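Novice: Sharing a sequence plus its predicted fold:
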Amino acid sequence: MAIIAPTRKDVTHPGQLKKYSWPLRLWHWLNLVVIGGSLITVLINSTITDRQPISKLVQTELQKSGVTITGQEAGSVAHSLEDNVWNVHIYFGYVLVALLLFRLLLEFFQLADQKFIRQFKSAYHQYKITKKNREAAQHEWVVKLIYTVFYLLLVIMAVTGLFLAFEDAMAPYKAIRHNVKDVHGFCMYLIIAFIVVHIAGVLLAERKDTGKGIVSDMINGGKK
Ligand code: HEM
Ligand code: HEM
């Protein structure tokens, strides 16, 4: 007897359809590592390698060995240390941009039921049009809206980050570099806010019957 493996269009084995496809899960956890890494570089540059204390440290340490350097010289040592950390940030940034492109492509190639756009529309329909199970439908809709805002934020981070990383090529737009940097820096706070709300939401959902097991679903795929 032939064994029928579940295919992309298989509707005869709905039980074998995963809630989250493996590429989406891979994307999710890699994204966590890369955003985490990126945030750590920002944290390092605003604490351990902060220019002022490092300049002071370099000056006092050299003074112990009888070498006196100016504040400006110490500043440039601190600056290059900071730049090294920014270079790591930029590497994380390139991976994040690649992951974002991967996520966009995935949207086209996923099974219809696993597509974010389709889930978004269905949540909207359930809440605004069907008007059944209002509270649960509203929750689903709000969650999808929050994910949409997060994806938009990722696009903003990628575009502004690439602008800053390729500032030489962007020389004609030098006048707006400062604003671009401000937008990039500000959006970080929104991303942090998303992460806090998201993790709290997922943990709260785990405590409810309706959401029990969603974290393991994001690991093993779950069932549709
Ligand atoms: C969630 C992801 C990201 C976060 C939280 C983040 C955060 C930040 C922050 C807070 C700054 C400092 C801004 C300032 O000084 O006002 C910064 C600078 C920068 N970021 Fe990102 N960023 C992210 C993604 C990216 C991406 C995707 C790229 C693109 C490759 C990138 C490239 C840069 C560059 C080139 C700088 C300037 C570094 C310098 O001053 O030399 N970032 N980022
Ligand atoms: C940097 C940190 C994180 C980011 C940026 C992030 C981002 C996202 C995004 C965008 C989605 C929606 C995926 C989609 O359907 O297109 C998602 C879903 C999910 N994430 Fe995260 N996540 C992060 C951390 C975590 C952590 C630490 C956990 C576990 C404790 C987690 C558990 C989940 C689960 C269970 C879902 C599915 C929830 C649902 O169906 O609504 N995430 N995450």
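Specialist: Happy to help now that I have it. Ligands and ions are numbered 1, 2, ... in the order given.
Novice: Just list the residues touching residue 28, thanks.
Specialist: Applying CB atoms under 8 Å, 6 or more residues apart in numbering, we find residue 28 in contact with 20, 218. Every residue, glycine included, has its C-beta placed from N, CA and C.
Novice: That one: which element?
Specialist: Assigned by DSSP states H and E, residue 28 falls within helix 22-46.
Novice: That helix: which residues count as buried?
Specialist: Under the neighbour-count criterion of 16 or more other CB atoms under 10 Å, helix 22-46 has 24-25, 27, 31, 34-35, 37-39, 41, 44-45 buried.
Novice: Could you tell me the average pLDDT over that helix, please?
Specialist: If you average the pLDDT over helix 22-46, you get 97.
Novice: That one: what's the following helix or strand?
Specialist: Toward the C-terminus, helix 22-46 is succeeded by helix 51-64 as the next helix or strand (DSSP H and E).
Novice: Could you check the angle that next one makes with helix 22-46?
Specialist: Angle, helix 51-64 to helix 22-46, by axes from the mean of the first three to the mean of the last three CA atoms, to 10 degrees: 50 degrees.
Novice: Do helix 51-64 and ligand 1 come into contact?
Specialist: No. Helix 51-64 stays clear of ligand 1 (CB under 6 Å from any ligand atom), getting no nearer than 11.3 Å.
Novice: Centre of the chain to the helix or strand following that helix, how far?
Specialist: Downstream of helix 51-64, the next assigned helix or strand under DSSP H and E is helix 71-109. Centroid separation between helix 71-109 and its chain, computed with CA atoms, centre = their mean, to the nearest Å, is 13 Å.
Novice: Briefly note if helix 71-109 comes near ligand 2.
Specialist: No. Using CB under 6 Å from any ligand atom, helix 71-109 never reaches ligand 2; the gap is at least 7.4 Å.
Novice: name the helices or strands packed onto that helix?
Specialist: Other helices and strands packing on helix 71-109, by 3 or more CB pairs under 8 Å, 6 or more residues apart in numbering; DSSP states H and E, are helix 22-46, helix 51-64, helix 134-165.
Novice: does any part of that helix sit near ligand 1?
Specialist: Yes. Judged by CB under 6 Å from any ligand atom, helix 71-109 comes into contact with ligand 1 at 86, 89-90, 93-94, 96-97.
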